[in-house]
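Visitor: Let me see the structure of the following:
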Amino acid sequence: MHLPKGNSVSKDVRFRSTIIKKFPMPESLQKLIREKIENKTKPPGALGVLEAIALQAGIIQNTLSPKVINPHIVVFAADHGIAATGLVNPYPQEVTAQMVVNFFKGGAAINVFCRHNKIALAIVDAGVKVDLDESFHFIDAKIRKGTDNYLTGNAMNIDEVNYAIEKGKSIVEDIVETGCNTIGFGEMGIGNTSSASLIMHHMLQLPLAECVGRGTGANDEQLAQKIKTLQSVSDFHHLFGMDIPVYELLSKIGGFEIAMMTGAYLEAARQNMIIVVDGFIATAALLLAQSISNNTLPFCVFAHASGEQGHQRMLDHLHAKPILHLNMRLGEGTGAALAIPLIQNAVNFLNEMASFESAQVSSKV
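Guide: Purely as a prediction, here's the structure:
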């Protein structure tokens, strides 16, 4: 199942209109939110994208006074069987576990951004190749120690896909119990840009050369080898020109962390949460979630446009306009962590900024 193809230009207004149409919300309340925004002590539209975010937050929460409460970033970590071949990644597979330990010790970019922006951080072992030290605080959701090499077979079986998606849902359910209403998802897994590229290749039916990027920093020679290798994967699994159900697609070329994130998106939307979408891999997982449930997209705020080739094409496909353009391609949920304070400011201006009437300021004649 594929999402309908959009034009090549991202349209913020059109995207916000789509969001409004998909929510079973009284027209009168939508009108009241717009009026509240327009009656703040500023020229019409002067706060730009923040006004669109405030409107979307009010629609999601069905209120004139939306709030960002106990925001979380959840980082799903897992290894990919193809990474052991060295054909698609310049860094060795062991870096996945090493970076996860870095998360535990607070030394990664996502730790810094969450710490300084007062965002809770949860790390999930979805399928890291090694057994992690139990003294570290993490969510143990390990399916097994990495997927199989999808060059020669399926990455995982259907039971594992089902488990991953349901586990992603349950993790979000538990986080909701903390009072959280705003959530972003990140990932860690050497080789996972390859899986995301293959997902994009199939879901958008684009040539692989338009989907595959440099990932963790491949040079020109490594990038050419990566594209050639992934083309062999695509041919082996018949990814181009065929309609493959999402669960089957994940079993063929997915990662445990991507499958788990797919379930997390579905549950976050069911819980009426503000979902902050990170970069390339997180958006690939969203393509899958939206294909399973077309009520997922309206809850999503897109954090940034990744420097990874292909991400902008996915954003265009979804008619999504990201908040930030920082040329980042780190993953880990870093873009989402940087965007959450802007979402917080958007709802703060809506709730706290004076109106023309309350401030006794003359409005536009």
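Visitor: residues in contact with the nearest residue to residue 207 once chain neighbours are set aside?
Guide: Of all residues not flanking residue 207 in the chain, residue 201 sits nearest, at 7.6 Å (CB to CB, 6 or more residues apart in numbering). The C-beta positions use only the backbone N, C-alpha and C, and glycine is treated the same way. By CB atoms under 8 Å, 6 or more residues apart in numbering, residue 201 lies in contact with 207-208, 211, 230, 234, 239-240.
Visitor: One more: residue 165?
Guide: 247, 259-260, 262-263, 266.
Visitor: same thing but 7 Å
Guide: Residues near residue 165 by CB atoms under 7 Å, 6 or more residues apart in numbering: 259, 262-263.
Visitor: any idea of the pLDDT on it?
Guide: Predicted confidence (pLDDT) for residue 165: 98.
Visitor: in which helix or strand would I find it?
Guide: Per DSSP states H and E: residue 165 is located in helix 158-176.
Visitor: quick one: buried residues of that helix?
Guide: Applying a neighbour-count criterion of 16 or more other CB atoms under 10 Å, one finds 160-161, 163-165, 167-169, 171-172, 175-176 buried in helix 158-176.
Visitor: try stretch 75-85
Guide: Going by 16+ other CB under 10 Å, stretch 75-85 has these buried residues: 75-84.
Visitor: what does stretch 111-119 give?
Guide: Buried residues in stretch 111-119 (16+ other CB under 10 Å): 111, 113-114, 119.
Visitor: farthest pair in these?
Guide: For the buried residues of stretch 111-119, with distances taken as CB to CB, the pair at the greatest spread is 111 and 119 (10.3 Å).
Visitor: can you pull out the helices in the stretch 251-365 of the chain?
Guide: Here the stretch 251-365 of the chain has its helices, by DSSP state H, counting those that start in this stretch, at 256-270, 280-292, 311-317, 334-352, 356-359.
Visitor: so can I have CSV of those helices showing mean neighbour count?
Guide: Shown next, in CSV, are the helices of the stretch 251-365 of the chain (neighbours: other CB atoms under 10 Å):
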stretch, mean neighbour count
helix 256-270, 28
helix 280-292, 26
helix 311-317, 22
helix 334-352, 21
helix 356-359, 12
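Visitor: List the neighbours of stretch 349-361 that are in contact with it.
Guide: With CB under 7 Å, 6+ apart, stretch 349-361 has contacts from 36-37, 39-41, 47, 50, 54, 65-66, 363.
Visitor: of those, the lowest pLDDT goes to which?
Guide: residue 363 (66).
Visitor: Report the angle between the helix holding residue 165 and helix 256-270.
Guide: 50 degrees (axes from the mean of the first three to the mean of the last three CA atoms, to 10 degrees).
Visitor: and the helix or strand that comes right after helix 158-176, how far from the chain's centre?
Guide: Using DSSP H and E, the helix or strand that directly follows helix 158-176 along the chain is strand 182-188. A distance of 6 Å separates the centroid of the chain from that of strand 182-188, by CA atoms, centre = their mean, to the nearest Å.
Visitor: cool, stretch 273-289 as well?
Guide: 2 Å.
Visitor: same thing with stretch 247-263?
Guide: For stretch 247-263 - counting by CA atoms, centre = their mean - the centre lies 14 Å from the chain centre.
Visitor: The buried residues of stretch 75-85 into CSV, with extra columns for pLDDT, distance to residue 348 and secondary structure?
Guide: As requested, those are exported to CSV (pLDDT from 0 to 100; distance: CB to CB, whole Å; DSSP: H, G, I helix; E, B strand; the rest coil):
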residue, pLDDT, distance to residue 348, secondary structure
75, 98, 26, strand
76, 98, 30, strand
77, 98, 33, strand
78, 98, 36, strand
79, 98, 40, coil
80, 98, 40, coil
81, 98, 46, helix
82, 97, 45, helix
83, 96, 42, helix
84, 95, 47, helix
